[in-house]
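# after the sequence you'll find the predicted model.
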Amino acid sequence: MGILTEPLGYEFMQRALLAGIAVAAVCAVIGVFIVQRGLAFLGDGLAHAAFGGIAIGLFMGASVEHAVWIAIPFTAIVALGIGVVLRRSALRGDVATGVFFSFSFALGVLFLGLRTAADRPVQVEHLLFGNMLSVTPTVLYVVVAVAVGACILTLLLWSRLAYAIFDPELAAISGVPVAMLEYLLLAETAVVVVVAVKTVGVVLVSSFVVIPAATARLVGTTLRTATILAIVVSTVGAGVGLIASYHLNTPAAATIILIHSALFAGAFAWSHLGR
Amino acid sequence: MSDPKASLPPSPKSLERRTSARALNQTRPDPSLLHVLDVEHVSIEIRGKRILDDVSFWIPKGEFVCLCGPNGAGKSTLLKAIMGLLPVTQGTIKIGGEGVVAGHHKVGYVPQRKGFDRDFPARGVDLIVAAMRGKWPARIKPEERERALAALAKIGGERLIDKPLAGLSGGETQRVFLARALVNDPSLIILDEPTAGVDARGRGELLELMTGLSRSDELAAILVTHNLAAVAQTAERIVYIEAGRVLCWGLPQELLGQQSLTALAAFQARDHHAHAPDEE
């Protein structure tokens, strides 16, 4: 038991565990739809858009904590922009995301570069790779509130979102507001990604969206089982990864993603050999 | 009635075909029969371009109609308007005497096989229950499963109920979609090129099923196809559309036998080319 009780005796580890599980659960729920819609690259694109938004906030004089409030609307606008290009052009999701990804990241680098030496220093490394162990109580409240809200919203819309992704035309005939749901999913993903960036960083957040959903997709035979499996894989991976990172003295987010990747490899092997 | 600037300019060949078509005997349905679908003077413009121009026809209860015409003739636009996915610019569409929104539950739709996400983790029963509920099912109740099974039984596909869609052949997939279209007991079924992309065996089976549907006195159907064998075997009446207009509307023996009608001859030629690459 000491393997669990020792790290969880520290408050910073308790906060990291709660934040990690909240981020893992909400990214898994959204990830199932994002991956099924063929937008696996979206998490990455929006994380880089979040970087651009935070950089704009920093340029305007905000702290890293407060720059998030600039990053959320900025990233949501980028997500909706991707949605508009996706729906109104023949371009595929990865191309639309790639264009906005590059634009937002360039904007972020530009605004960071425009800051003067007199401005307060920023650890860009923390932005890029996150630091789960430095989650403050305020950040934890925001992360948990956003995660719970987004999970409830997605689960309430689950049946209609699933139909819209399976076949937009059939769903529209049944009265499902396909376009509105797609924009809502993109905007929701943007908010979740910005908040997740605070804990797991720009570079690693897309892994939380993609890997558990992809793992569940390999094993689940229905979308319902895939959704449940994605949540289980993601949260178990987050818990095990965090505890392992404490004992191994390795970066928390990276360790979690390596656990997620190992689970993916296991699911892949099982789907090919075990059936 | 229509804006001449927005109308499709008829080519000399198209004018020639219209003249030839006018000379044909075209028997319309008996007006005293119960109307399932009424398309009355429908014109549709998309971004200023007229796709359909003053299209009128109607379908009585139980009649199997083949909607034919070359690619780009406006067939898909017409289907979308009937299903309420596109607004009409002029005219009206009525399903069983109601507008398309109110009457949409009376229509069953079989899309082209390529239309859905083939990687989606779904079984036959999920798809059929989704049509019953109007949303994707997370859990399936026993009575819903029974109804799905009954719909599959109508087309001899009971064994497909729990099969993942991704593992089905083209013909099996369309069987499930056909059961999906039948599950709400529609009065009109729309089949949008159901044999496209289906292998020769599957096409034969589907053709048999569609022939069975065409013999039903209860269910009216619109089949859009480039497959002339399907038209010859199933059609009780043909509506031929070209350049957004109804060129002919009559019995198969009146239209298919007329080798002089350039339009249908061209259609036959297209049928041959259009289906060769689809064969698996």
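Noted; the coordinates are in hand.
# CA atoms for contacts and neighbours, from now on please.
Fine.
# show me which residues of chain A are close to chain B?
With CA under 8 Å from any CA of the partner chain as the criterion, chain A comes near chain B at residues A:36, A:158-160, A:162-163, A:165-168, A:171-176, A:217, A:220-224.
# please narrow the residues you listed to those residing in helices.
In helices, defined here by DSSP state H, the members of those are A:36, A:158-160, A:162-163, A:165-166, A:168, A:171-173, A:217, A:223-224.
# what about B:Val101, distance to B:Gly202?
Using CA to CA, to the nearest Å, one gets 33 Å for the distance from B:Val101 to B:Gly202.
# ugh, wrong one, B:Leu165
Look at B:Leu165 and B:Gly202: by CA to CA, they are 15 Å apart.
# which of those two has more neighbours?
Just comparing B:Leu165 and B:Gly202: by other CA atoms under 10 Å in any protein chain shown the higher neighbour count belongs to B:Leu165, 24 against 19.
# is the closest residue in space to that one that isn't next to it in sequence bridged to anything, and to what?
Take B:Leu165 and drop its neighbours on the chain: the residue closest to it by CA to CA, 6 or more residues apart in numbering or on different chains is B:Arg123, 5.3 Å away. For B:Arg123, the residues forming beta bridges with it (DSSP bridges) are B:Pro164.
# is it true that B:Arg123 touches B:Gly167?
No - with the criterion set as CA atoms under 8 Å, B:Arg123 and B:Gly167 do not qualify as a contacting pair; they are 9.5 Å apart.
# between these two, tell me which one has more neighbours.
Just comparing B:Arg123 and B:Gly167: by other CA under 10 Å the higher neighbour count belongs to B:Arg123, 21 against 12.
# for the more buried one, give me its contacts.
With contacts taken as CA atoms under 8 Å, 6 or more residues apart in numbering or on different chains, B:Arg123 has the following neighbours: A:222, B:161-165.
# in JSON lines: these, plus distance to A:Ala62 and pLDDT.
As requested, these are arranged in JSON lines below (distance: CA to CA, whole Å; pLDDT from 0 to 100):
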{"residue": "A:Thr222", "distance to A:Ala62": "45", "pLDDT": "89"}
{"residue": "B:Ile161", "distance to A:Ala62": "58", "pLDDT": "93"}
{"residue": "B:Asp162", "distance to A:Ala62": "56", "pLDDT": "92"}
{"residue": "B:Lys163", "distance to A:Ala62": "55", "pLDDT": "91"}
{"residue": "B:Pro164", "distance to A:Ala62": "52", "pLDDT": "89"}
{"residue": "B:Leu165", "distance to A:Ala62": "52", "pLDDT": "88"}
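# what subset of these is buried?
The neighbour-count test (16 or more other CA atoms under 10 Å in any protein chain shown) applied to the contacts of B:Arg123 identifies A:222, B:161, B:164-165 as buried.
# mind putting these into CSV with distance to A:Ala244?
Shown next, in CSV, are those (distance: CA to CA, whole Å):
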residue, distance to A:Ala244
A:Thr222, 32
B:Ile161, 44
B:Pro164, 38
B:Leu165, 40
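# most widely separated two among the residues you listed?
Greatest spatial distance in the buried ones among the contacts of B:Arg123: A:Thr222 and B:Ile161, 13.2 Å, computed using CA to CA.
# closest one of the ones in helices among the residues of chain A next to chain B to B:Asp185?
Among these, A:Ile173 lies closest to B:Asp185 (CA to CA), at 16.1 Å.
# what residues does chain B put near chain A?
Selection of chain B residues close to chain A by CA under 8 Å from any CA yields B:83-85, B:104, B:115-117, B:119-123, B:130-131, B:134-138, B:164.
# A:Ala196 reaches A:Val205, doesn't it?
Yes - under the criterion of CA under 8 Å, A:Ala196 lies in contact with A:Val205, with a separation of 6.5 Å.
# now do the shared contacts for those two.
Counting by CA under 8 Å, 6+ apart, nothing touches both A:Ala196 and A:Val205.
# who touches B:Gly91 in this structure?
Residues in contact with B:Gly91 (CA under 8 Å, 6+ apart) are B:39-43, B:54.
# how about the helices in the chain?
Since no chain was named, I'll use chain A. With helices called from DSSP H, chain A shows them at A:2-8, A:11-36, A:42-59, A:64-88, A:93-114, A:124-129, A:137-166, A:168-173, A:178-200, A:205-219, A:223-248, A:252-269.
# correction: the question concerned chain B.
Counting by DSSP H, residue ranges of the helices within chain B are B:12-22, B:75-82, B:124-133, B:142-154, B:170-182, B:200-214, B:228-234, B:252-255, B:262-275.
# enumerate the positions of the fourth one that are buried.
Taking 16+ other CA under 10 Å as the neighbour-count basis, helix B:142-154 is seen to contain the buried residues B:144-145, B:147-152.
# neighbours of the closest residue in space to A:Leu114 that isn't next to it in sequence, how many?
With sequence-adjacent residues excluded and distances taken as CA to CA, 6+ apart, A:Leu114 is closest to A:Phe59, at 7.3 Å. Number of residues near A:Phe59 (other CA under 10 Å) recorded here: 20.
# and for A:Pro7?
For A:Pro7, the count of nearby residues is 18 (other CA under 10 Å).
# I'd say it and A:Ile243 touch.
Yes - using CA under 8 Å, A:Pro7 and A:Ile243 qualify as a contacting pair, with a distance of 6.9 Å.
# remind me which residues of the chain are low pLDDT?
No chain specified, so I'll use chain A. Flagging of chain A using pLDDT under 70 yields the residue ranges A:1, A:274-275.
# hmm, I had chain B in mind actually
Along chain B, the model assigns pLDDT under 70 to residues B:1-18, B:20-23, B:113-115, B:257-280.
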